[in-house]
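Asks: Quick one, fold the following:
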Amino acid sequence: MVDAGFFSRHDALSAEAQSLLYADGALSETQQNLRSVTSAERSAESQRVANQRKQAQRERRIDRCENSWFYGTTALQPQTWVYGGVSAKIARQKAKLEADRASAPSLQPREAALEQTIEDLKAQAQALQGAVARRRALETEAAGMFESAVAGAPTPQLHSLGKSAAEWQAALGQEQALAAALVEASRGCAAARQRYYSAINALQRAHQTNQGAQFNNVLDGSEFIEHMQQGHRDQLMQQAQMEAHQAGVVLTLALQSVPPAAAARYPQLAAGIGHVVMPRLAQNGAGTAMMEIFGGDFGDAVAGMQAGGRIQRNIGVLAQCEQLTAQQEARVNALLQAVRQEAANAAATLQRIEADVLAEKRSIFAALRSRCGGVAAVAAA
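Replies: Coordinates of the predicted model:
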């Protein structure tokens, strides 16, 4: 029931929530301090443990030098000769041991103090978390009261604004869905281009391998190595064909995912989207293999030149495919930017309408308060 008691309860909730606004900032600061102090405590613990370890090490060294016939004999310890011998080493270790013992008493209290600070900060953080939770609960209850009161006394203006907000919310959702689909299409185009780059790289390596085989032929080198190079060249050319085919498949799928609604809205930007080239690269056939196997050095030279020509032509074909794919990607990205702009416009319009909706709700709430003889609250809902 919306009466004077209702507004009194709402105002009390809002006032208490307002008094707890400090909690979020204080909690963040306390958590940061807790992280810093925890790090300092770990460092202090490491220093204490290291001090204890050093004392034990120095005690063992001193005992070994004083009681071992081997380590206690300067003549058998050449590393100590230029430093005063074993006796000087013992003196140095005893001095360091005393220094470690002197610093030890301050390490444990510091570590203990940091541990206590950690416990205090944890308790403080827990209390602040409770305050944050309390504030959110208060705000939720006050907001629920606000909405329930307004829902019981809607105005034609609120109905109209609510309908408009729902329409623009749906429009924004549609634009965001179009943008998401275009993002995936753009990624697909980029992936196809990368496939073409991989195919070109394979052909470039095939070209280098072919040149190596030709050079080996000129020098009348190992036939076995030459045939290995030729076989590797052919494998790389086949690899390039597989990469190029996969690039065409990826590009086809990417362009098919372009939403028809976006293309229909921007026909000029979408013009040309969908053109995919599926290249068929020239390969070295049985004739090339026969010339390289049975044609001798001359046959190897001719086959090598023919293979080199095929590779260069294939590289040109793939370069054109990559350029066409880049054009497709640019068109998709232009379409994406246009849709994103529409989404931004829809979001801005929705934000303005939602602000008008809130203003109308506050006006309704104030009118209800006035009817109940209430005084306007200091803290707005």
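Asks: Which secondary structure state does Leu255 sit in?
Replies: helix (DSSP: H, G, I helix; E, B strand; the rest coil).
Asks: ok, now Arg193?
Replies: Assignment for Arg193 (three-state DSSP): helix.
Asks: where are the low-confidence patches of the protein?
Replies: 213-227, 229-230, 275-279, 281-307, 374-381 (pLDDT under 70).
Asks: Show the secondary-structure elements that the helix or strand where Pro105 lies is packed against.
Replies: Using DSSP states H and E, Pro105 sits in helix 85-151. Applying 3 or more Cβ pairs under 8 Å, 6 or more residues apart in numbering; DSSP states H and E, one finds that helix 85-151 makes contact with helix 4-19, helix 22-67, helix 296-371. Any C-beta I mention is one placed from the backbone N, CA and C, and that applies to glycine too.
Asks: Columns mean neighbour count and distance to Thr80 on top of those helices, output as CSV?
Replies: Below are these laid out as CSV (neighbours: other Cβ atoms under 10 Å; distance: least, Cβ to Cβ, whole Å):
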stretch, mean neighbour count, distance to Thr80
helix 4-19, 16, 73
helix 22-67, 15, 9
helix 296-371, 17, 70
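Asks: so can I have a markdown table of those helices showing distance to Ala104?
Replies: What follows is the helices and strands packed on helix 85-151, written out as a markdown table (distance: least, Cβ to Cβ, whole Å):
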| stretch | distance to Ala104 |
| --- | --- |
| helix 4-19 | 49 |
| helix 22-67 | 5 |
| helix 296-371 | 64 |
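Asks: between the ones you listed, which one is nearest to Phe146?
Replies: Among those, the nearest to Phe146 by Cβ to Cβ is helix 296-371 (6.1 Å).
Asks: which other helices and strands contact the closest one?
Replies: For helix 296-371, the packing partners by 3+ Cβ pairs under 8 Å, 6+ apart are helix 85-151, helix 156-218, helix 223-256, helix 260-265, helix 267-270, helix 286-294.
Asks: now do 10 Å
Replies: helix 4-19, helix 85-151, helix 156-218, helix 223-256, helix 260-265, helix 267-270, helix 286-294 (3 or more Cβ pairs under 10 Å, 6 or more residues apart in numbering; DSSP states H and E).
Asks: which parts of the fourth one are buried?
Replies: Taking 16 or more other Cβ atoms under 10 Å as the neighbour-count basis, helix 223-256 is seen to contain the buried residues 226-227, 229-230, 232-234, 236-237, 239-241, 243-248, 250-251, 254-255.
Asks: Distance-wise, check Ala190 relative to Gln328.
Replies: 10 Å (Cβ to Cβ, to the nearest Å).
Asks: list residues touching both of these two?
Replies: Ala254 (Cβ atoms under 10 Å, 6 or more residues apart in numbering).
Asks: so what's Pro262 closest to, chain neighbours aside?
Replies: Careful, residue 262 is Ala; it's not Pro. Nearest residue to Ala262, sequence neighbours excluded (Cβ to Cβ, 6 or more residues apart in numbering): Leu178, at 4.9 Å.
Asks: residues in contact with that neighbour?
Replies: Listed by Cβ under 10 Å, 6+ apart, the contact partners of Leu178 are 258-259, 261-262, 265, 335-336, 338-340, 342-343.
Asks: switch to 8 Å and redo it
Replies: Contacts for Leu178 (Cβ atoms under 8 Å, 6 or more residues apart in numbering) come out as 259, 261-262, 339, 343.
Asks: just Ala26 next, same as before
Replies: Residues in contact with Ala26 (Cβ under 8 Å, 6+ apart) are Leu128.
Asks: where does Gln328 sit relative to Leu318, distance-wise?
Replies: Counting by Cβ to Cβ, the gap from Gln328 to Leu318 is 15 Å.
Asks: Likewise for Glu111?
Replies: When distance is defined by Cβ to Cβ, Glu111 is 66 Å away from Leu318.
Asks: For the closest residue in space to Arg340 that isn't next to it in sequence, which residues are in contact?
Replies: Counting by Cβ to Cβ, 6+ apart, Arg340 lies nearest to Ala179, which is 5.4 Å off, once chain neighbours are set aside. Counting by Cβ under 8 Å, 6+ apart, Ala179 touches 336, 339-340, 343.
Asks: Nothing else from me, thank you.
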